[in-house]
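# Fold the following and give me the result.
(one chain, ligands or ions: 1)
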Amino acid sequence: MKHLTVSVGKQVLALLTVTTLTGLWATSATAKELTVDINSVTAAGIGDKIGTIVIEQKQKGLSFKVDLTGIPAGEHGFHLHDKGDCSPGTKDGKPTAALAAGGHYDPAATKTHAGPMREGHKGDLPFLTATDKGVNVVVTAPHLTLADVSGRALLIHAGGDNYTDHPENGGGMGRIACGVVPKE
Ligand SMILES: [Cu+2]
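I've put the predicted structure just below:
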C-alpha cells in the first residue's frame, strides 16, 4: 500500500508541473505586444506622428488598442494593407497618399471586402469612430495572428466602412493615416 501511495503522489506532482508550465506559456503568449507608430499621410508624403496602435495576441485573435489625435470626427475605415510602406504613389496620373501600402491583406485572394467577421479580405478590421478628441478604442479581429500583421501596414481612411464592395472598399475613399507594424 505504501508503494501505491508514493506512485500516485508522483503522478499528481507530474500533472501539477505540466499545468504550471502550460500556465506560464499562456501568460507569456497573451502578453506579447507590438506597438505601431501611426503618422498622417498625404499625397505629398508621410507627415507627423498622430499616435499609436498597440497590437496584442489574445487567445482568440488580435486586439488593437487605438490611440490617435488629429483624426476628423466620424467613422473611418481601418484595414491591414499588404505592404509595410506608407509612401505615396501615383494612381491614374495623380499623386496618392500611402499608395505603396498596396491593397487590403488578402492571402486567400478572395478579392472581397466583407468586414472583420466574414470570409473576405483577412485584413478587414472594424471601422474606427473618432470624436472631437480623436480615437481611443480597442477593437478585435478574431481571424488574425501576429504573423499576419508582422511587417505590413495599418491604414486609416477618410471615409467610413460598410463592409461591402459597394462602394469600393466599403466607401473608405482616401488614406489619411498609416503605420508599419514592426516585424515580430
Ligand atoms: Cu484600407
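
# Quick one: name the residues of this protein near the ion.
79, 155 (C-beta under 5 Å from the ion). Any C-beta I mention is one placed from the backbone N, CA and C, and that applies to glycine too.

# Quick check, the residue in the chain closest to the ion?
For the chain, the residue closest to the ion is His79, as judged by C-beta to the ion, at 3.4 Å.

# what's the one helix or strand that residue maps to packed up against?
If you go by DSSP states H and E, His79 is part of strand 78-81. Contacting strand 78-81 under the criterion 3 or more C-beta pairs under 8 Å, 6 or more residues apart in numbering; DSSP states H and E are the following elements: strand 153-157.

# Can you give the distance of the strand it packs on from its chain's centre?
The gap between the average C-alpha position of strand 153-157 and the chain average comes to 9 Å, counting by C-alpha atoms, centre = their mean, to the nearest Å.

# So what touches that strand?
By C-beta atoms under 8 Å, 6 or more residues apart in numbering, the list of residues contacting strand 153-157 from outside reads 36, 38, 53, 64, 68, 71, 76-86, 98, 101-102, 128, 169, 172-181.

# pull the CA atoms of that strand into PDB?
Once non-C-alpha atoms are left out, strand 153-157 reads as follows in PDB (Å, rounded to 0.1, in the frame of the first residue of the first chain):
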ATOM      1  CA  ALA A 153       0.700  48.400 -42.800                       C
ATOM      2  CA  LEU A 154      -2.300  49.600 -40.800                       C
ATOM      3  CA  LEU A 155      -4.300  52.100 -42.800                       C
ATOM      4  CA  ILE A 156      -7.000  54.600 -41.700                       C
ATOM      5  CA  HIS A 157      -9.300  56.100 -44.400                       C
END
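
# Which is the succeeding secondary structure element to it?
Sequence-wise, the next helix or strand downstream of strand 153-157 (DSSP H and E) is strand 175-180.

# Next, the angle strand 153-157 makes with that following strand.
Between strand 175-180 and strand 153-157, the angle comes out at 160 degrees (axes from the mean of the first three to the mean of the last three C-alpha atoms, to 10 degrees).

# Neighbouring strands of strand 175-180 in the sheet, and parallel or not?
According to DSSP bridges, strand 175-180 has the following sheet partners: strand 33-42 (antiparallel), strand 153-157 (antiparallel).

# any chance of those strands in a markdown table, plus mean pLDDT and mean neighbour count?
As requested, the strands paired with strand 175-180 are exported to a markdown table (pLDDT from 0 to 100; neighbours: other C-beta atoms under 10 Å):
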| stretch | mean pLDDT | mean neighbour count |
| --- | --- | --- |
| strand 33-42 | 97 | 18 |
| strand 153-157 | 98 | 26 |
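
# Show me the shaky parts of this protein.
For the chain, the stretches with pLDDT under 70 are 1-31.

# surely Gly74 meets Ala130?
Yes: Gly74 sits in contact with Ala130 when judged by C-beta atoms under 8 Å, with a separation of 6.2 Å.

# Please report the distance of Ile38 from Ile156.
If you measure Ile38 against Ile156 using C-beta to C-beta, to the nearest Å, the figure is 7 Å.
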